[in-house]
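Peer 1: Take this sequence and fold it.
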Amino acid sequence: MVSVCAKADIVINSSLSLTNFQILPTAGTVQIFPSGLGVNGITGEIVGGDSAGGSFNETGPVPLSAATAFTSATATGSFPPLRLASTSNVDLPPNQSSAGSDADAIFTGDFEVTGVSNPVDVTFSASLNEKQFVSTLGRVQAAESRIEFLASVVIPSGIQVEVIDVVHDLVLPGGSSDSASLNSVVTGTLNVLPNVMYDFGASPYVVSTTSPQLAIPEPSFSVLVGSGLAMLIARSRSLFRRR
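Peer 2: As a prediction, this is how the structure comes out:
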């Protein structure tokens, strides 16, 4: 449980960790070729009508942190073993109108199933640790914690197929407080051709954001999720393409 800071009217903490990721064919042998590891963080806030923020992008098995006065975003990644983690936080004081932060870590690579002659089903398995906390006890302002884990594969036709897509939103109106915590194993299955190389990507993504209105927050940072992973895969593969 996260305690509410005495000086903050709104507190949002969002974190999502990938602790294990597997690609398992029903027959044959899978070969995995890592190609990229990247982290990304964005923070932004508005004080008295003026905006301030930072966008940071770094590639490699190192942590990244981005911060403004009342927001922070952190992403870490390592391989092997594959470990990815993303956190975002908002601590909104009384003189702050709105703020938000988001973070993601991404692992990309190629895989190929050999030793069989017919198409086979491949199961993708991810072990996730999720934590969310939202408190709007000091305001009539709404707030949102959003986490998403996305694993996708680019099939030979060039189409990106989402094999795992887990989204959990914790959205509260003003004057509320709630938290959520979950450890889970999520899976997805895709039928693939043997002896064909497939691109894949896996990414935990988190968003913490406030809305200046009484209504449920607009998507704000979270609208980046749909196209964000594809852009990250393209960027990461351009930096880490196997030679």
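Peer 1: Ala103 and Gly38, how far apart?
Peer 2: 12 Å (CB to CB, to the nearest Å). (Each C-beta comes from the backbone N, C-alpha and C, glycine too.)
Peer 1: Extract the CA atoms of the helix or strand hosting His168 and return them as CSV.
Peer 2: Following DSSP states H and E, one finds His168 within strand 160-172. Output of strand 160-172 as CSV, limited to C-alpha atoms (Å, rounded to 0.1, in the frame of the first residue of the first chain):
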residue,chain,number,x,y,z
GLN,A,160,1.4,-7.0,-36.8
VAL,A,161,-0.7,-9.5,-34.7
GLU,A,162,-1.3,-8.9,-31.0
VAL,A,163,-0.9,-12.2,-29.3
ILE,A,164,-1.2,-10.9,-25.7
ASP,A,165,-2.9,-7.6,-24.8
VAL,A,166,-3.7,-7.1,-21.1
VAL,A,167,-5.1,-3.7,-20.0
HIS,A,168,-6.2,-2.7,-16.5
ASP,A,169,-7.5,0.8,-15.7
LEU,A,170,-8.1,2.2,-12.2
VAL,A,171,-10.1,5.4,-12.8
LEU,A,172,-11.5,7.4,-9.9
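Peer 1: State the next helix or strand along the chain beyond it.
Peer 2: The helix or strand immediately downstream of strand 160-172 is strand 177-192, counting by DSSP H and E.
Peer 1: Which residues belonging to that following strand are considered buried?
Peer 2: Neighbour-count burial for strand 177-192 flags 188, 190, 192 (criterion: 16 or more other CB atoms under 10 Å).
Peer 1: next one: stretch 79-91
Peer 2: Buried residues in stretch 79-91, counted by 16+ other CB under 10 Å: 82-91.
Peer 1: do stretch 90-103 as well
Peer 2: So, applying 16+ other CB under 10 Å, buried residues of stretch 90-103: 90-92, 96, 98-103.
Peer 1: can you give me the end-to-end distance of stretch 64-81?
Peer 2: With CA to CA, to the nearest Å as the measure, stretch 64-81 spans 19 Å from end to end.
Peer 1: List the buried residues for that stretch?
Peer 2: Residues 64-66, 68, 70-78 are the ones in stretch 64-81 that count as buried (16+ other CB under 10 Å).
Peer 1: ranges for the strands of this protein?
Peer 2: Ranges of strands in the chain, per DSSP state E, are 10-25, 29-47, 50-59, 64-67, 71-78, 83-92, 98-114, 120-135, 142-154, 160-172, 177-192, 198-211.
Peer 1: Dump those strands to JSON lines, plus mean pLDDT.
Peer 2: Below are the strands of the chain laid out as JSON lines (pLDDT from 0 to 100):
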{"stretch": "strand 10-25", "mean pLDDT": "94"}
{"stretch": "strand 29-47", "mean pLDDT": "79"}
{"stretch": "strand 50-59", "mean pLDDT": "43"}
{"stretch": "strand 64-67", "mean pLDDT": "75"}
{"stretch": "strand 71-78", "mean pLDDT": "84"}
{"stretch": "strand 83-92", "mean pLDDT": "90"}
{"stretch": "strand 98-114", "mean pLDDT": "89"}
{"stretch": "strand 120-135", "mean pLDDT": "97"}
{"stretch": "strand 142-154", "mean pLDDT": "94"}
{"stretch": "strand 160-172", "mean pLDDT": "94"}
{"stretch": "strand 177-192", "mean pLDDT": "97"}
{"stretch": "strand 198-211", "mean pLDDT": "90"}
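Peer 1: From the centroid of this structure, which residue is nearest?
Peer 2: Nearest residue to the geometric centre of the chain (CA atoms, centre = their mean): Tyr205, 1.0 Å.
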